[in-house]
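Visitor: Just a sequence and a predicted model for now, questions to come.
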Amino acid sequence: MASENRIIELDLLRVMAIFLVILQHSWSMLGLDSAADGMQYHFYRFAIIGVPLFVMISGSLLLRKEMPVKLFLKKRFTRILLPFVFWTTIVYVISCFLGRYDDVHNLKEALLCYVPYFFGNKINSVYWFMFMLIGLYLLTPLFQRAFSAPASRNVLKYVICLWFIWQLLCLITPEFILVRYYRFSAYLYVGYFLVGFYIIQYLPNKRLNRLLGGIGFCVTYALNVVLSMQGWKVTPIEVLEVLCLFLFFVSIDYRLPHWLQVGIVQISRYSFAIYLSHVMVIGLLYHLGIQHYLPLAVVPLVTSVVVFVFCSCYCFVLDKCRFIPNKLIGI
C-alpha cells in the first residue's frame, strides 16, 4: 500500500534499477559479455548502471539526518544481513543440487564449504554488491555527521569533485584504483552515494534538472557508445551518464494512477529480496533451456521480463501470507 511518506520518484527509479540489474545478469550469465556485437552489446551493457543507481538512491535517503551510530548500524545490518544469509543459503543449496561447484560432490563437502564460500563470495559472484553495501553502511555515520547539515554543502561539493577527479586519474593511471578486491569496493561507489544525496537535497529546480539530466544522459550515452566502439572504456563518462539519468528521473513530476503507484511502491519494497533471489530464477530458466527457443539477441531481455514478473509475484505472496517473517525475506 502506498504510503504518504514515500518518494515516488525514488521508488520508480528503484524499480528501474532492479530490472537493469536482472537484465545485466541475464546477459552475463548467458556468456554474452564479450560475444555480443554492435548495438546489442551496448544495449545490454547499459544495464550495468543499475548498481550505481541503487547506491545513489541509498545515499539520498540515508544522509538526510544524523543518527546515533549504534542505532543506525543495528537497523541497517539487521535489515540486510538476515535476508542475505537466508537467500544465499537457498541459492547455495540449489547450486549444490545442480552441481555448480567443483569442490562440492556430497552433503559433507557442501556443509564444509558453505562458510568459506559465503565469506569468499563464491556462492554467486553477484553478491559482491552486499560486501560493497556493508562498506558504505560502515561509512554512513561518518558521512551523516559530516554532510547532513546545510552548512556543509560546500565541503560536500569539494569531496564530490575530488572523487570525480580521482576517476579521471584512474583513467589516466590505473594504479590510482588502488584496490580492486570486491571486499574493499565501497570506496569506488562513495561518489555515487554522496551525489545522490546532493541532488535530492540541494538541487530543487526540477525543470532545469530535467533539461540538464535529459540532454546530459543522451550526450554521455552516445559518447560512451562511440568511444567504446573504438576500444575505449571511459569510466568518467559512465559516471556522468548515471548522474544525468538519476537527475532526470528524480526531477519528473509523476502523475500516476493510484493502482500503478501502489504497484511501484510494492515492487520497490521487494527490490532487495528480488536482488538477493533473482539469480536462482535466471539460472533455473537457463537450466531449462529457454535460450534454445528464442533468438540469442533477445534471450536476456525476455528472460529479464519473466524473472522480474515472477520474482515480484512470489515476493507479493510471501509478503501477504507471512509464513516466513518479512525481515528474513528482506521485505
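Guide: Okay, I see it.

Visitor: Wait, residue 46 touches residue 220, no?
Guide: No. Contact criterion Cβ atoms under 8 Å: residue 46 and residue 220 do not qualify, at 11.4 Å. For glycine as for every other residue, the C-beta is placed from the backbone atoms N, C-alpha and C.

Visitor: Looking at these two, which is more packed in?
Guide: residue 220 (21 against 18; other Cβ atoms under 10 Å).

Visitor: helix or strand for the more buried one, which one?
Guide: helix 206-229 (DSSP states H and E).

Visitor: Nearest residue to residue 29 in space, ignoring adjacent ones along the chain?
Guide: Counting by Cβ to Cβ, 6 or more residues apart in numbering, residue 29 lies nearest to residue 282, which is 5.6 Å off, once chain neighbours are set aside.

Visitor: would you list every one of the helices in the protein?
Guide: Listed in chain order, the helices of the chain (DSSP state H) span 8-28, 38-45, 50-62, 69-97, 107-119, 128-147, 153-172, 186-202, 206-229, 235-249, 258-288, 299-321, 326-329.

Visitor: Can you flag the weakest of those by average pLDDT?
Guide: Set side by side, those differ in mean pLDDT, and helix 38-45 is lowest with a mean of 65.

Visitor: give me phi/psi at residue 121?
Guide: When read as degrees, to the nearest 10, the backbone of residue 121 gives phi 60, psi 40.

Visitor: ok, it touching residue 127?
Guide: Yes. Counting by Cβ under 8 Å, residue 127 is a contact partner of residue 121 at 5.7 Å.

Visitor: Give me the most central residue, the protein.
Guide: For the chain, the residue nearest the mean C-alpha position is residue 51 (2.8 Å; Cα atoms, centre = their mean).

Visitor: how close does that residue get to residue 203?
Guide: 22 Å (Cβ to Cβ, to the nearest Å).

Visitor: With residue 86 instead?
Guide: Counting by Cβ to Cβ - residue 86 and residue 203 are separated by 38 Å.

Visitor: before we move on, what about residue 282?
Guide: For residue 282, the distance to residue 203 - Cβ to Cβ - is 36 Å.

Visitor: okay, those two: which has more neighbours?
Guide: Taking neighbours as other Cβ under 10 Å, residue 282 and residue 203 compare with residue 282 leading, 24 against 15.

Visitor: Tell me which residues are up against stretch 68-75.
Guide: With contact meaning Cβ atoms under 8 Å, 6 or more residues apart in numbering, stretch 68-75 is reached by 137-138, 140-141, 144.

Visitor: repeat that for 6 Å
Guide: residue 141 (Cβ atoms under 6 Å, 6 or more residues apart in numbering).

Visitor: roughly how far out does that stretch sit from the chain middle?
Guide: Centre-to-centre, stretch 68-75 and its host chain are 23 Å apart (Cα atoms, centre = their mean, to the nearest Å).

Visitor: Same check on stretch 47-66?
Guide: 9 Å.

Visitor: tell me what the helix holding residue 220 is packed against?
Guide: In terms of contacts (3 or more Cβ pairs under 6 Å, 6 or more residues apart in numbering; DSSP states H and E), helix 206-229 is packed against helix 235-249.

Visitor: Quick check: nearest residue in space to residue 55, chain neighbours excluded?
Guide: Residue 55 sits nearest to residue 192 (Cβ to Cβ, 6+ apart), 4.3 Å away.

Visitor: sorry, that was for residue 203
Guide: residue 209 (5.7 Å).

Visitor: ok, the residue nearest to residue 29 touching residue 26?
Guide: Yes. Between residue 282 and residue 26 a contact is recorded at 5.5 Å, counting by Cβ atoms under 6 Å.

Visitor: Confirm for me that residue 163 is in contact with residue 191.
Guide: Yes. With contacts counted by Cβ under 6 Å, residue 163 reaches residue 191, the gap being 3.6 Å.

Visitor: Counting neighbours, go ahead and name the busier of those two.
Guide: residue 191 (24 against 19).

Visitor: quick one, what contacts the more buried one?
Guide: Contacts of residue 191 by Cβ under 6 Å, 6+ apart are residue 163.

Visitor: hmm, try it at 7 Å
Guide: Residue 191 makes contacts with 160, 163-164, as judged by Cβ atoms under 7 Å, 6 or more residues apart in numbering.

Visitor: Quickly note the distance from it to residue 235.
Guide: In terms of Cβ to Cβ, residue 191 sits 11 Å off from residue 235.

Visitor: OK, contacts around residue 326?
Guide: residue 319.

Visitor: quick one: it from residue 136, how far?
Guide: 23 Å.

Visitor: now do residue 113
Guide: 28 Å.

Visitor: now swap in residue 98 and tell me
Guide: 32 Å.

Visitor: who's more crowded, these two?
Guide: Taking other Cβ under 10 Å, residue 98 and residue 136 do not tie; residue 136 has more neighbours (21 against 12).
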